Structure formats: structure tokens, C-alpha cells
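Engineer: Let's see this in three dimensions:
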Amino acid sequence: MKKLIFPLFLLVSSTFAFAQEYKFTPVVDLDATEVKSQDITGTCWSFSTTSFLESEIIRLTGKHIDVSEMYNVRNTYSKKAWNYVMRQGKAQFSQGGLAHDVINSVKENGLVTEEAFSGLVYDETIYNHTELETTLKAMLDNFITNPAGKLSPKWKAAVENILNVYLGEKPTEFTFEGKKYTPESFLEMTKLNMDDYVTITSFTHQPYYSSFVLNIPDNFSNGSMYNVPLNDFISVIDNALDNGFTVEWDTDVSEPTFSAKNGVAFIPQNMADTQKGYTEIVTEKEITPEFRQEEFENFDTTDDHLMHIVGKVKDQNGTVYYKVKNSWGTNPNRVANGGYIYVSKAYMQLKSISVLVHKDALPKSLKKKLSL
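Structural biologist: Numbers count the residues shown, from 1 in each chain. You can find the predicted model right below:
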């Protein structure tokens, strides 16, 4: 037995010597507002893009403002209802959306503070849009299938009444820092210009350096995106962060290698390393544009969550990860890093759907190619 002890000791020591638990240090850390929770809603698109706009306000004015996510949601539900009814129910009606839906909402309706419009009514303390969605859809379906064969002129007013009940009436005037604003004048004060923001993606089924409408379920508003090669797509994110611009990110989080609880997202070369990769550095897969396209077309990559990229960190080997602000709260039993996730380059390359950035955050050569 004694002869076995020494080799076993070497084996155990060797295992611990080569195991590298993550040790992250900041590389780029841009200003962002506090992490929030979208609770029981599918409104990540508004939470992430509103957070992105809050960081833009900080960059432009130095002001840290808590902007209402639900004001954008409230306005977008009306747009979704119109789209669903006009397509006679042959369209998706859900809680989901994309970053450009917030941009469209702000452009048309301005901005308000969280204090002016929380979207919580009847002493609610958390968001839950399950009943709101099912109630709205049932009513819209009833209008569409009206036995009289004619769409009732009351349907739009009925939609607004339901939204008022579940989310509250939209403010037309509110006070911020002792001054009265309308949503439009408040937007002007923030110095945000909605025409300055562009969506960038990377797929091989469309020409590069041109725009197209990506056919994904939540793109109900048919927003267009600029298509660029994968290397350019990553350079957009890096150039933005390195020059003080944060990035709004649409991605797939249904992968087992995306772990909010452990605060990391990665693409292992060997899927058997998935569990290990939650806490230790593992070798990652090399991502090609062809593999990325294949994963999208076979539905292994789907559009299911939007978040806010606010910086970079590096591990002890010098490998860089993206620091991503999520909207799943800060409960340490559910999320790590105070609600932030460190995302590897491989994950960003493979599982990204698109990013939204200020056009001045683009590399100059790419900006020229896109005629921006």
C-alpha cells in the first residue's frame, strides 16, 4: 500500500497544479447604472437598451439618470398590437422585442424617468406581464375574428385601456431635479439623438457592408441591420469599448455554457468540459463564419436575450472576456458578479445576433464602408 501512496499524491498534485480557477482583473470598465431585474417579463430588450441609453447619457452629459424601461415597453405594446391586427393575427404577438424597438419608441415618444413611470400599479413590487400578454392577445384575436366581418373602430382604444390598467397611464409632464419636463423636452435635455445609433450583425446569407432585415421572430417591426464580416463585427465591439462607448447586445443564452449563476459564458472545444468551464479556464473552440451561420440556420443559435456590454476583463492568462450587464437582478443565489457575466470572445463570435452602437463607436474604415 505504501508504494501506491506516492504516485497517487503526484497525480492529485498534478491535477491541482493544472487546474486554473478564473481570476479576473478589469481591463475596460465603463460607467453604467445599477443592475435591475426584469422579473417575470420578456422585456430584456427594453432593460438592456434603456441601460445602454443611460450609459450614453452619462457619456454625453455626466448625469446618472434612472430612465423608465416600462415607458418604452408601454409604447411598444401599442405598436405590436397594430402589427398583429393589421396582419390579421398572422404575426407573432409576445413580450419580446429588439433594441431598435426602444430606439423607435424614444424617437416617437421621448423619455421619462423611472420615478415618472414605473409600470407598477396596484401596489405591485415586481413586474409580471404574463396576464397582460394573454389578455391583450385574446382581445386582439376577438377583434380580428369579429363575426360581423369588420374590424371594430374601438379596438385601439381598448388596447390603450388595457395598457393603462396593467402598466399605468403615460405621463405627459413630470418633474426632474426641480424642473418640469415633457417626455420630448426631457429627451432633448439628455442630448441623445436616436439617429446616431446603428445595429450591426454578421451572417453569410446576405451581402457584407449592406443592410437587411433579419428574419427572427422578435423583429416584428422589421428593423434593418448592417451586415459585416465576423472579424469586423468583433472589431466594432472592441473599438467601441476601447473608446468609451458601451454596446447593446442581442444573443442566445439557451446554451449550457452560458451560466449566470457562475457569471461566465464560453464555448469549449470539448463539450465534456462544460461543467469544468463554469469555474476553470478551458480550451475554447475556434469560431468560423461558416460554423456561426450553420448554428443560426439549424436554430442552435436563437434570438432569446438582450444585455448591455460595459467593459472587458482578463483572466490570469491574459485572455480577454467581455463584461456584460444582465437584467436578472443581483441575488447571489441566482447570479454571480453582482449580476454581471464575463463572456468569452468565442461565445461572442458564435452566439451573437447583433449589437447596437453609436455610429461614432465604429472603426473609421468600417464607418466609411457603410457610408455612415
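Engineer: Show me the strands in the stretch 251-372 of the chain, by range?
Structural biologist: 258-259, 264-265, 305-314, 320-325, 340-344, 352-358 (DSSP state E, counting those that start in this stretch).
Engineer: how far out from the middle of the chain is the fourth one?
Structural biologist: Relative to the mean C-alpha coordinate of its chain, strand 320-325 is positioned 13 Å out (Cα atoms, centre = their mean, to the nearest Å).
Engineer: Give me the residues contacting that strand.
Structural biologist: 24, 26-29, 32, 35, 48, 51, 237, 241, 249, 264-265, 307-315, 339-345, 348 (Cβ atoms under 8 Å, 6 or more residues apart in numbering). The C-beta positions use only the backbone N, C-alpha and C, and glycine is treated the same way.
Engineer: The first one too?
Structural biologist: Under the contact criterion Cβ under 8 Å, 6+ apart, strand 258-259 has outside partners 252, 265, 278, 341, 347, 351.
Engineer: Next up, the contacts around the fifth one.
Structural biologist: So the one you mean is Y347. Residues counted as contacts of Y347 (Cβ under 8 Å, 6+ apart) are 255, 257-258, 265-267.
Engineer: any idea which of those residues is closest to T43?
Structural biologist: F258 (19.2 Å; Cβ to Cβ).
Engineer: hey, what's the closest one bridged with?
Structural biologist: Beta bridges link F258 to A265 when assigned by DSSP bridges.
Engineer: could you measure it against M348, distance?
Structural biologist: 11 Å (Cβ to Cβ, to the nearest Å).
Engineer: For stretch 150-157, buried residues please.
Structural biologist: For stretch 150-157, a neighbour-count test (16 or more other Cβ atoms under 10 Å) marks W155 as buried.
Engineer: Likewise for stretch 97-108?
Structural biologist: Here stretch 97-108 shows 97-106 as buried, counting by 16+ other Cβ under 10 Å.
Engineer: Likewise for stretch 245-262?
Structural biologist: So stretch 245-262, judged by 16+ other Cβ under 10 Å, has buried residues 245-253, 255, 257-260, 262.
Engineer: Secondary structure added to the buried residues of stretch 97-108, as JSON lines?
Structural biologist: Shown next, in JSON lines, are those (DSSP: H, G, I helix; E, B strand; the rest coil):
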{"residue": "G97", "secondary structure": "coil"}
{"residue": "L98", "secondary structure": "coil"}
{"residue": "A99", "secondary structure": "helix"}
{"residue": "H100", "secondary structure": "helix"}
{"residue": "D101", "secondary structure": "helix"}
{"residue": "V102", "secondary structure": "helix"}
{"residue": "I103", "secondary structure": "helix"}
{"residue": "N104", "secondary structure": "helix"}
{"residue": "S105", "secondary structure": "helix"}
{"residue": "V106", "secondary structure": "helix"}
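Engineer: Return the member of those residues nearest to N161.
Structural biologist: Taking the buried residues of stretch 97-108 together and measuring to N161 by Cβ to Cβ, the closest member is S105, at 19.7 Å.
Engineer: hang on, the earlier thing: closest one of the buried residues of stretch 245-262 to P363?
Structural biologist: Among the buried residues of stretch 245-262, and counting by Cβ to Cβ, the member closest to P363 is F245, at 11.7 Å.
Engineer: Chain neighbours aside, what residue packs nearest to the residue nearest to the spatial centre of the chain?
Structural biologist: The residue lying closest to the centre of the chain (Cα atoms, centre = their mean) is L306, at 1.8 Å. Computed as Cβ to Cβ, 6 or more residues apart in numbering, the closest residue to L306 that is not its neighbour in sequence is S48, at 4.1 Å.
Engineer: and if you look at R292?
Structural biologist: L350 (5.5 Å).
Engineer: what's the answer for N243, then?
Structural biologist: N243 sits nearest to A361 (Cβ to Cβ, 6+ apart), 6.4 Å away.
Engineer: Run through the stretch 1-150 of the chain and note the low-pLDDT ranges.
Structural biologist: For the stretch 1-150 of the chain, applying pLDDT under 70 flags the ranges 1-18.
Engineer: And the helices in the chain, which stretches?
Structural biologist: 2-18, 44-61, 69-86, 99-109, 130-144, 155-167, 183-190, 230-242, 274-277, 289-297, 345-351, 364-369 (DSSP state H).
Engineer: Turn those helices into CSV, including distance to Y322.
Structural biologist: Below are these laid out as CSV (distance: least, Cβ to Cβ, whole Å):
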stretch, distance to Y322
helix 2-18, 26
helix 44-61, 14
helix 69-86, 22
helix 99-109, 17
helix 130-144, 31
helix 155-167, 32
helix 183-190, 26
helix 230-242, 7
helix 274-277, 16
helix 289-297, 17
helix 345-351, 6
helix 364-369, 19
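Engineer: Contacts only, for S202.
Structural biologist: Counted by Cβ under 8 Å, 6+ apart, S202 has contacts 227-230, 232-233, 289, 292, 352.
Engineer: before we move on, back to that, D218: which of the helices of the chain is closest?
Structural biologist: If we rank the helices of the chain by Cβ to Cβ, the stretch that ends up nearest is helix 44-61, at 7.3 Å.
Engineer: Give me the angle between the closest one and helix 99-109.
Structural biologist: Counting by axes from the mean of the first three to the mean of the last three Cα atoms, to 10 degrees, helix 44-61 lies at 60 degrees to helix 99-109.
Engineer: elements contacting helix 44-61?
Structural biologist: helix 69-86, helix 99-109, helix 183-190, strand 247-251, strand 305-314, strand 352-358 (3 or more Cβ pairs under 8 Å, 6 or more residues apart in numbering; DSSP states H and E).
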